[in-house]
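S.K.: Turn this into a model:
(one chain, ligands or ions: 1)
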Amino acid sequence: MGTDVKNEATAGSGSADAGADLVLHASDLTLRFGGLTVLDKVDVRMRRGEVLAVIGPNGAGKTSLFNSLTGAYTPQEGKILFRSKDGDQKSLLGSKPHIVNRVGLARTFQNIRLFSALTALENVKIAAETRLKAGPVSIMLGLPNARKAERQSDERAHRLLRFVGLESKLNEIAGSLSYGDQRSLEIARALATDPQVLLLDEPAAGTNPTEKLELEQLIRRINTELGVSVLLIEHDMRLVMSVADRVMVLNFGKRIAEGSPSEVQQHPAVIEAYLGASSEDAEVVQAVIAEQRASEENDVARPAAAPAVAAGGADASGDAASDGAEASDEDAPEEAASAEAAPSGATTDQAADGASPDEESGK
Ligand SMILES: Nc1ncnc2c1ncn2[C@@H]1O[C@H](COP(=O)(O)OP(=O)(O)OP(=O)(O)O)[C@@H](O)[C@H]1O
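M.R.: Now for the predicted structure:
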């Protein structure tokens with residue numbers, strides 16, 4: 001469709017205007033693996049306090065964007081600026097994941113990464129301990145400041161497990177929890193590092209309808225009660241349209257649209273991107289568009305969260321997402337990663353942060 005999206009799609013109430021207080025501002029991010037351009041001059045303008053969703057068909061570059069923002073990948077070009085609550089501005093491009101985490105960004109992964117043999121409480125405590133002042137020597141010697149720090153991390157972990165609804169399961173082994181509970185535990189663990197921005201990579205993947213509703217409420221509470229800005233990758237468009245303040249759309253590594261959920265779901269480039277994604281998606285999108293036209297003709301009010309692209313992404317690409325994830329893990333050999341945009345020591349760094357026990361592909 002060849003749309004000038006910067007001018008067209010960012011216009012309107014949903015755009016991040018120049019005067020906004022941006023907590024995260026990435027500009028012209030370009031990431032290549034060999035001859036493949038995975039991100040092509042992508043801009044991200046995230047306002048403090050908002051829920052910004054990143055959507056797009058499988059392989060569009062969403063996880064690569066997360067990996068670039070959190071230090072697992074280093075884009076060849078562009079800037080990433082983070083502005084903390086107290087006004088400090090830091091460049092994150094090229095920073096290692098544990099540094100990015102310390103600065104104030106925490107993430108969850110598409111493929112859940114927990115210390116599966118440890119309890120829920122231990123998983124969260126490990127992450128909370130990264131925020132403690134006590135060093136390893138005082139901890140080893142059991143000095144008073146270390147004991148105080150341990151107590152604080154214990155309290156923090158309890159509080160967060162209560163916050164995500166896992167207080168009754170804190171002594172259960174992480175690997176034995178249901179899929180939805182494991183996703184909540186991952187979120188609690190990310191929150192334990194006290195982030196200003198939380199990046200959630202497909203948190204609804206594999207969850208059942210009840211868990212999806214709980215997740216929706218949890219994302220809202222993280223945003224409103226904890227004051228954490230949320231960057232959300234999600235294929236479940238009903239969830240996206242219901243929780244996101246703004247949505248940006250990637251396709252083939254380019255940002256093709258950005259705006260409020262209602263602006264984006266009607267954007268021609270977005271519809272076309274999803275129509276091109278798979279015949280299954282196309283059929284669903286076409287069906288929803290036809291349904292909307294019919295209801296407009298009948299002058300019937302449509303429910304707020306019944307988006308055009310939405311339904312297309314919901315079930316159809318939910319499955320496709322998992323397929324895509326496996327495919328891209330296979331298609332994303334470590335050599336390729338290290339050749340140009342080397343994942344920078346993610347394994348040890350993020351494990352040390354409690355952010356990721358076994359970082360491999362950043363998925
Ligand atoms: N480490 C890597 N090495 C080589 N190619 C990679 C690497 N990581 C990602 N890619 C490629 O980048 C492209 C975008 O992948 P990415 O996982 O970011 O897409 P996505 O939008 O998150 O997809 P999905 O919705 O399926 O998770 C794909 O073609 C993928 O194969």
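S.K.: Quick check: chain neighbours aside, which residue is closest to V240?
M.R.: Using C-beta to C-beta, 6 or more residues apart in numbering and skipping residues adjacent in sequence, the residue nearest V240 is A53, 4.5 Å away. Yep, even glycine has a C-beta here, placed from its N, CA and C like the rest.
S.K.: Now do the helices in the stretch 51-200 of the chain.
M.R.: Secondary structure of the stretch 51-200 of the chain (DSSP state H, counting those that start in this stretch): helices located at 62-69, 97-103, 120-129, 136-141, 144-163, 179-191.
S.K.: Quickly, which of those helices bottoms out on average pLDDT?
M.R.: The minimum mean pLDDT among the helices of the stretch 51-200 of the chain belongs to helix 136-141 (a mean of 63).
S.K.: Who is the residue nearest to V240 paired with across the strands?
M.R.: Beta-bridge partners for A53, by DSSP bridges, are L232, V247.
S.K.: just for the stretch 251-363 of the chain, where's the confidence low?
M.R.: Applying pLDDT under 70 to the stretch 251-363 of the chain flags the ranges 275-363.
S.K.: before we move on, the earlier item: determine which stretch of the helices of the stretch 51-200 of the chain is the most buried.
M.R.: For those, the largest average neighbour count (mean count of other C-beta atoms under 10 Å) is found in helix 62-69, namely a mean of 26.
S.K.: and that one, what other elements does it pack with?
M.R.: Other helices and strands packing on helix 62-69, by 3 or more C-beta pairs under 8 Å, 6 or more residues apart in numbering; DSSP states H and E, are strand 22-33, strand 36-47, strand 51-55, strand 197-201, strand 229-233.
S.K.: wait, P203 sits on E214?
M.R.: No - between P203 and E214 there is no contact, the gap being 10.8 Å when judged by C-beta atoms under 8 Å.
S.K.: Could you measure from the closest residue to G61 other than its chain neighbours over to V51?
M.R.: Nearest residue to G61, sequence neighbours excluded (C-beta to C-beta, 6+ apart): G253, at 4.3 Å. Using C-beta to C-beta, to the nearest Å, we find G253 at a distance of 23 Å from V51.
S.K.: ok, now D194?
M.R.: According to C-beta to C-beta, D194 and V51 sit 19 Å apart.
S.K.: So which of those two has more stuff around it?
M.R.: V51 (24 against 17; other C-beta atoms under 10 Å).
S.K.: Quick check: that one touching T224?
M.R.: No - the pair V51 / T224 is not scored as a contact, 9.6 Å apart, by C-beta under 8 Å.
S.K.: How much space separates the residue nearest to V240 from N123?
M.R.: The value you get for A53 to N123, if C-beta to C-beta is used, is 26 Å.
S.K.: And S260, its phi and psi?
M.R.: Main-chain dihedrals, S260, degrees, to the nearest 10: phi -70, psi 160.
S.K.: What is the end-to-end distance of stretch 110-130?
M.R.: 23 Å (C-alpha to C-alpha, to the nearest Å).
S.K.: meant to ask about stretch 71-83
M.R.: 16 Å.
S.K.: Please spell out which residues along that stretch are buried.
M.R.: Neighbour-count burial for stretch 71-83 flags G71, A72, Y73, T74, P75, G78, I80, F82, R83 (criterion: 16 or more other C-beta atoms under 10 Å).
S.K.: Can you pick out the ones from the residues you listed that are in strands?
M.R.: Residues of those located in strands (DSSP state E): G78, I80, F82, R83.
S.K.: nearest residue to the first one other than its sequence neighbours?
M.R.: Going back to what we said before, that points to G78. In space, and not counting its chain neighbours, G78 is closest to L29: 3.7 Å by C-beta to C-beta, 6+ apart.
S.K.: From A146, how far out is the one you found?
M.R.: L29 is 41 Å from A146, by C-beta to C-beta.
S.K.: circling back to that earlier point, P203 and E214 - which one has more neighbours?
M.R.: Shown here are P203 and E214; by other C-beta under 10 Å, P203 has more neighbours (29 against 17).
S.K.: Enumerate every residue touching the more buried one.
M.R.: P203 sits next to T108, R183, I187, L215, I219, L232, E234 when contact means C-beta atoms under 8 Å, 6 or more residues apart in numbering.
S.K.: Neighbour-wise, which one of those residues leads?
M.R.: Counting neighbours by other C-beta under 10 Å, E234 leads those with 28 neighbours.
S.K.: Tell me the pLDDT of it.
M.R.: At E234, the model reports a pLDDT of 93.
S.K.: was I right about it contacting G56?
M.R.: No - the pair E234 / G56 is not scored as a contact, 10.6 Å apart, by C-beta under 8 Å.
S.K.: out of the buried residues of stretch 71-83, who's nearest H98?
M.R.: Nearest to H98, judged by C-beta to C-beta, of the buried residues of stretch 71-83 is G71 at 8.0 Å.
S.K.: Can you tell me how far P75 is from the ligand?
M.R.: Going from P75 to the ligand by C-beta to the nearest ligand atom, to the nearest Å gives 12 Å.
S.K.: Kindly provide the distance from G165 to the ligand.
M.R.: 26 Å.
S.K.: which residues does the nearest residue in space to that residue that is not next to it in sequence contact?
M.R.: Take G165 and drop its neighbours on the chain: the residue closest to it by C-beta to C-beta, 6+ apart is S184, 6.3 Å away. For S184, the contacting residues are V164, G165, L166, E214, L215, L218, by C-beta under 8 Å, 6+ apart.
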